[in-house]
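# Fold the following, please.
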Amino acid sequence: MRNGGRRTTLEQLRDSVTDLPTIPETLSRLLKLLEDPNSGARDLAEVIRYDAPLASKILRMANSPLYPKQRSLKTVQECVSVLGYRTVRQVALCVSVVSTLARECDRRRSVLDYRDLWRHCASTGAVAQQLAYLAGDAEPEVVLTCGLLHDLGKFVLTLNEPRDYAELLRARCDCGRPLVEIEREAMGYDHAQAGAALAEAWNFPAVLVATIGHHHDLAVAEPPVGLVGLADYLANLLDPATSDLGFDAMVVKPAPLYAAAGLDRDSVESRLDPLRKAIADSSLLHDLD
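All right, here's what the predicted structure looks like:
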């Protein structure tokens, strides 16, 4: 964007992320669990239990159609036991990140419709998880997390340069070009790179930094990157944003996305109904309050 009439460089943006919200205590503790091979279900339940809003969201998620089960779950410990340590840990990480940034958007009166953005992120995560199952990926819950956080950079840009970024989003409606092209032309970097800057500043795991930073880069061979890139396209095609988030599936060529994900187009498109159901089931993740 602009800084006293000068373009802000990516390096300056990386420095400026320190002006964004500091990493919340719950998120810090969750990231430590990710790094600790000896952590387990009891440790995770203890972290979540002391964050009442997060615990409430986990309980709503656990009792939703996303996770069919034979009984109602009433405690965080039951959620971890039934859904699995890794699944609950990944979703708790995402909800903690986005809730923090949403509160900051409210505080700064951001013009970005961050709720619609988060709805798109939830849809992308749900589709990415289904694609991971189809591809035989060994860690579908990690792919889910990558999908949920892939557009983190749009939060960064709207908080860092709210007016300029809002104008950029509006301007792209008239030119029919992908948002990342316009961002790079106007700023010298894009929302994917901005998101990676924040992810690095908050010490996210390397796989998250890579996917957030390269989900529009088809040359990256890291498995979650291709799956999330394709999921981003499919989510926008099957569940278009109600606000202008800068993505138009009609200006994207799908063939390279399928190739990057390592999936056959016919195989995926024969499963569009299950993908639509996954998007619908992800609606419980939309609530940031």
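# And residue 120, how far from residue 46?
Distance, residue 120 to residue 46, using Cβ to Cβ, to the nearest Å: 32 Å. No exception for glycine: its C-beta is placed from N, CA and C like everyone else's.
# Could you do residue 111 as well?
According to Cβ to Cβ, residue 111 stands 39 Å off from residue 46.
# ok, now residue 187?
Taking Cβ to Cβ as the measure, residue 187 falls 42 Å from residue 46.
# who touches the most centrally placed residue in the chain in this structure?
By Cα atoms, centre = their mean, the mean C-alpha position of the chain lies nearest to residue 149, the distance being 1.8 Å. Contacts here follow Cβ atoms under 8 Å, 6 or more residues apart in numbering; on that basis residue 149 touches 94, 97-98, 121, 195, 199, 208, 211-212.
# returning to that earlier point: give me the more crowded residue out of residue 120 and residue 46.
Shown here are residue 120 and residue 46; by other Cβ atoms under 10 Å, residue 120 has more neighbours (25 against 13).
# Test my guess that that one contacts residue 151.
Yes. In this structure residue 120 lies within contact range of residue 151 using Cβ atoms under 8 Å: 6.9 Å.
# Would you enumerate the residues in contact with residue 226?
Residues in contact with residue 226 (Cβ under 8 Å, 6+ apart) are 218, 220, 257, 260-262.
# want to throw those residues into TSV with secondary structure, neighbour count and pLDDT?
Compiled in TSV, the contacts of residue 226 are given as follows (DSSP: H, G, I helix; E, B strand; the rest coil; neighbours: other Cβ atoms under 10 Å; pLDDT from 0 to 100):
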residue	secondary structure	neighbour count	pLDDT
218	coil	17	77
220	coil	17	70
257	helix	21	91
260	helix	21	91
261	helix	27	93
262	coil	16	92
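# burial measure for residue 258, as a count.
Per other Cβ under 10 Å, the neighbour tally for residue 258 reads 19.
# so what's residue 195 closest to, chain neighbours aside?
Residue nearest to residue 195 in three dimensions, not counting chain neighbours: residue 153, with 3.0 Å by Cβ to Cβ, 6 or more residues apart in numbering.
# For burial, what's the neighbour tally of that neighbour?
Considering only other Cβ under 10 Å, residue 153 is surrounded by 27 other residues.
# Also residue 33?
Summarising burial for residue 33: neighbours were counted as other Cβ under 10 Å, giving 18.
# Grab the nearest non-local neighbour of it.
If you skip the residues right next to it in sequence, residue 33 has residue 39 as its closest partner in space, 4.4 Å away by Cβ to Cβ, 6+ apart.
# One more: residue 77?
The spatially closest residue to residue 77, leaving aside those adjacent along the chain, is residue 45, at 4.7 Å (Cβ to Cβ, 6+ apart).
# host element of the residue nearest to residue 195?
Element membership for residue 153, per DSSP states H and E: helix 152-160.
# Pull that helix out as CSV, backbone CA atoms only.
Coordinates of each C-alpha in helix 152-160 appear next as CSV, following Å, rounded to 0.1, in the frame of the first residue of the first chain:
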residue,chain,number,x,y,z
LEU,A,152,-5.4,-15.0,6.7
GLY,A,153,-3.6,-12.4,4.6
LYS,A,154,-6.9,-10.6,3.8
PHE,A,155,-7.4,-9.9,7.5
VAL,A,156,-3.8,-8.6,7.6
LEU,A,157,-4.2,-6.3,4.7
THR,A,158,-7.6,-4.9,5.7
LEU,A,159,-6.2,-4.2,9.2
ASN,A,160,-2.9,-2.8,7.9
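# what sits against the residue nearest to residue 195?
Contact partners of residue 153, counting by Cβ under 8 Å, 6+ apart, are 190-198, 212.
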